[in-house]
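**Q** this one's structure only:
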């Protein structure tokens, strides 16, 4: 596994899609400030991934200069249904470890599909990424960002409109272009 290529692909995706299409109005600043941690997990089982997630939570506790972590796990949970079910275990880990209310998780996956959508619906690309990953966010950072952003509740609707304008074909190409050969 080439961690550098995996991180490079993830950075390109963030820059071109998340920031480039302004899907998350809060993503640009941590990226510019180099306060995003890219952690690539070699986990091959869900249990190993939970252990890695717990280690990342502990690291964030001590490393206040890190705003957010992307825990990229290219070797486990490749199928979206299994990944989606795993999210419950990840959320339970947050609560059971005493990190509920301190951190929250956002989810990204190459096959991400919202309930009630078709696989090719453009709106799914708001959460499609080169690799399966868990995004660990500090609750205080989320609260600060939400408080400073006018009409934060309009972001999902605006994203759907924007993604539909770009279209499935262009979005699939953008995602593919962010990948090195390791995720193709």
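**A** Sure thing, it's come through. Just so it is clear, the structure is predicted and the values come from calculations on it, not from any experiment.
**Q** Just confirm residue 31 contacts residue 24, I think it does.
**A** No. With contact defined as C-beta atoms under 8 Å, residue 31 does not count as touching residue 24 (10.0 Å). For every residue, glycine as well, the C-beta is placed using N, CA and C.
**Q** Tally up the residues packed near residue 11, please.
**A** Using other C-beta atoms under 10 Å, residue 11 is surrounded by 16 other residues.
**Q** Point to the helix or strand of the chain where mean pLDDT is at its lowest.
**A** helix 28-32 (a mean of 83; mean pLDDT, DSSP states H and E).
**Q** what's the following helix or strand after that one?
**A** strand 36-40 (DSSP states H and E).
**Q** If we go by neighbour counts, what in that next one is buried?
**A** Residues 36, 37, 38, 39, 40 are the ones in strand 36-40 that count as buried (16 or more other C-beta atoms under 10 Å).
**Q** C-terminal to the helix or strand that contains residue 60, what's the next element?
**A** Here residue 60 sits within helix 46-62, counting by DSSP H and E. Using DSSP H and E, the helix or strand that follows helix 46-62 towards the C-terminus is strand 68-72.
**Q** tell me the mean pLDDT for the helix or strand that that next one is followed by?
**A** Once the chain leaves strand 68-72, the next helix or strand it forms, by DSSP H and E, is helix 80-96. Regarding helix 80-96, the rounded mean pLDDT is 97.
**Q** For the residue sitting furthest away from the middle of the chain, grab phi and psi.
**A** Within the chain, the residue lying farthest from the chain centre (C-alpha atoms, centre = their mean) is residue 150, at 22.9 Å. With angles defined as degrees, to the nearest 10, residue 150 sits at phi -70, psi 130.
**Q** Just the pLDDT at it, thanks.
**A** Per-residue confidence (pLDDT) for residue 150: 81.
**Q** how far is stretch 124-134 from where the chain is centred?
**A** 6 Å (C-alpha atoms, centre = their mean, to the nearest Å).
**Q** low-scoring stretches of this structure, by residue?
**A** 180-184 (pLDDT under 70).
**Q** Can you tell me the closest non-neighbouring residue to residue 35?
**A** In this structure, residue 35 finds its nearest non-sequential neighbour in residue 67, 3.7 Å apart by C-beta to C-beta, 6 or more residues apart in numbering.
**Q** show me the residues around that neighbour that make contact.
**A** 30, 33, 35, 36, 138, 141 (C-beta atoms under 8 Å, 6 or more residues apart in numbering).
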